[in-house]
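Undergrad: Predicted model and sequence follow; I will ask about them next.
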Amino acid sequence: MIITMKGLSMADFVLRALAAGLLVALITGPLGCFVVWRRMAYFGDTLAHSALLGISFGLLMDINLQFAVILACLAIALLLVQMESRHHLATDTILGILAHSSLAFGLVILSFTDVNIDLMSYLFGDLLTASNQDLIWISTGVGAALLVLVLSWNKLLTITLHQELAQVEGLPVGKIRLLLMLLIATVIALSMKVVGILLITSLMIIPPASARGFSNSPEKMAILASLIGCLAVCGGLLASFYLDTPSGPSIVVSAAVLFMISSSLNKK
Amino acid sequence: MTSTLLNAQNISLAIDGKQILQNITLQIDENQIVTLIGPNGAGKTSLVKLVLGLSKPSAGSVSLRKNLRIGYMPQRLHVDNSMPISVQKFLQLAVRAKPELIEQVLSEVKASHLLHSQIHSLSGGELQRVLLARALIQEPELLVLDEPVQGVDINGQAELYTLISSIRDKHQCGILMVSHDLHLVMSATDEVICLNQHVCCHGHPEQVSNDPAYLELFGKQQAASLAVYAHHHNHSHSLDGEVIDPDHDQGHADDHNHEGPKHG
């Protein structure tokens, strides 16, 4: 009796992990396409690093952590825009300053809180401990983000192709760019549980990069990126389950393997 | 009956204390092609951006006819290699796109066969035609073309300019065009504005090519080659006997003779 109960609850946590991982992969694929098309990989990484700052502030002020992460990402994104217009430094230098100092600030502030947290689970993800509550938050968040992404898809494509042309044609370019940042911040907050702060960008970049060679339209690339992301989550979780490897890094390793397979298939 | 599409009065632009444009007055009417020429860094693209409302002048004002539909062809389109996109999808993304309209504008720029091509596979000339088609989807009353023949070989350039003239004839729209070669653009334009932060000289192309301010500017900036071109073109032009409005011409010519020496 006890054994069956245990078996059931084990199946439960694996299913929850799988569901959470697949949901997140659904949105990181298409949104990641924009990160790739717009060459924002390092930008995404910087926002992800600042997520830890959000977590430490969230713990300090006792507010919802995911919400705190979104706020921290947006604050860093705005700070970046500010610094770009003020300093004579290259964008990647500014991104480097922001990424590492926000991570370091986060770690230092964490040491002031008396909350005992498992830092590793934030940095590298902890999918297997996903609770029902996590699952509800992730599915709501992913649903909302997907809806917004689909509705604003063509507008986002238009500003990615040529911002000034979009502006002359009457699109509110500033608002659409802000929306993209908001989406990226939200998805970072959502996928923290899956692969952790330090590996989030990989989920946004590796699946679209793998999908590129098989696509002849932005939409195909986005859908394929979603599928490849889902495949990576399945592979990573299987490895994690049978080989007892950490789930987040396993997912990223399986995404990397898929990328290598796709690029060897694409060598013409 | 012509009506004014765009009227820019005494506009100046300074960025970080550096003067980019100074006291420029510009008017574009329906059915009129105005070409901006000038050396690199003369502020041509900055002026285009002011006209399009993409930036604000530090002084002066730009007024457009009410509800003016503008078609804009940017200097270049750089699509990152990572984005797969066909010509069809690129045109569908235009804010006013409709399927019939896409077919129509593509055939107008003689690029119907490119509909299903990937943007990355296009040659320089093909890409410019597609960009022009995108601008035409707006059914523009004013067409703004920033260096429309960039990256196109000489034969292709002449073809594109012919195409641009025919678009004007067909749609009766006003066209503001940027070029840095007066020689090629001459037959396709009604008015040339020679720009080097301020308006050095302006008028009909033949007039401008003889203007001392023009000759000095291009003589200084681009060595003798362009001056030779201009001369050559002037000559062949009189042989062609193209139709020019002599009265209108004369009016401007007087202006120039007064202005020219001051600048030169």
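TA: Sure thing, it's come through.

Undergrad: contacting residues for the residue lying closest to A:Leu107 once chain neighbours are set aside?
TA: Once flanking residues are discounted, A:Leu107 sits nearest to A:Leu52: 6.8 Å by C-beta to C-beta, 6 or more residues apart in numbering or on different chains. Yep, even glycine has a C-beta here, placed from its N, CA and C like the rest. Residues near A:Leu52 by C-beta atoms under 8 Å, 6 or more residues apart in numbering or on different chains: A:102-103, A:106-107, A:110, A:122-123, A:197.

Undergrad: Would you mind measuring from A:Leu52 to chain B?
TA: Distance of A:Leu52 to chain B, computed by C-beta to the nearest C-beta, to the nearest Å: 29 Å.

Undergrad: Helix, strand or coil: sort out that residue for me.
TA: With DSSP: H, G, I helix; E, B strand; the rest coil as the basis, A:Leu52 sits in helix.

Undergrad: any idea of the pLDDT on it?
TA: With respect to pLDDT, A:Leu52 scores 92.

Undergrad: Please apply the same query to the one 10 residues further on.
TA: In the predicted model, A:Asp62 carries a pLDDT score of 87.

Undergrad: Tell me how many other residues surround it.
TA: 10 (other C-beta atoms under 10 Å in any protein chain shown).

Undergrad: Same check on A:Thr91?
TA: Neighbour tally, A:Thr91, other C-beta under 10 Å: 13.

Undergrad: ok, it - contacts?
TA: A:Glu84.

Undergrad: What pLDDT does the model give the nearest residue to A:Pro30 once chain neighbours are set aside?
TA: Distances taken as C-beta to C-beta, 6+ apart put A:Ala222 closest to A:Pro30, at 3.8 Å, once the chain neighbours are dropped. Per-residue pLDDT puts A:Ala222 at 98.

Undergrad: tell me which element A:Ala222 is part of?
TA: helix A:218-243 (DSSP states H and E).

Undergrad: Now, of the contacts of A:Leu52, which are buried?
TA: Listed as buried from those are A:102-103, A:106, A:110, A:122-123, A:197; burial here means 16 or more other C-beta atoms under 10 Å in any protein chain shown.

Undergrad: Secondary structure element holding B:Gly71?
TA: Since the elements are taken from DSSP H and E, B:Gly71 ends up inside strand B:70-73.

Undergrad: any residues touching that strand, and which ones?
TA: Taking C-beta under 8 Å, 6+ apart as the rule, strand B:70-73 contacts A:164-165, A:168-169, B:52, B:64, B:128, B:131-132, B:134-146, B:148, B:173.

Undergrad: Among the residues you listed, which are located in strands?
TA: B:64, B:142-146 (DSSP state E).

Undergrad: Please convert the residues you listed to JSON lines, extending it with pLDDT and neighbour count.
TA: Output for those, formatted as JSON lines (pLDDT from 0 to 100; neighbours: other C-beta atoms under 10 Å in any protein chain shown):
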{"residue": "B:Leu64", "pLDDT": "90", "neighbour count": "18"}
{"residue": "B:Leu142", "pLDDT": "95", "neighbour count": "23"}
{"residue": "B:Leu143", "pLDDT": "95", "neighbour count": "27"}
{"residue": "B:Val144", "pLDDT": "95", "neighbour count": "24"}
{"residue": "B:Leu145", "pLDDT": "94", "neighbour count": "26"}
{"residue": "B:Asp146", "pLDDT": "92", "neighbour count": "22"}
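
Undergrad: returning to what we had before: quick one: mark the members of the contacts of A:Leu52 that sit in helices.
TA: Using DSSP state H, the members of the contacts of A:Leu52 that fall within helices are A:102-103, A:106-107, A:110, A:122-123.

Undergrad: wait, which of those is closest to B:Leu184?
TA: A:Ser102 (53.2 Å; C-beta to C-beta).

Undergrad: Distance of the closest one relative to chain B?
TA: 27 Å.

Undergrad: Might you report the residue contacts of that residue?
TA: The neighbourhood of A:Ser102, defined by C-beta under 8 Å, 6+ apart, consists of A:46, A:49-50, A:52-53, A:72, A:76.
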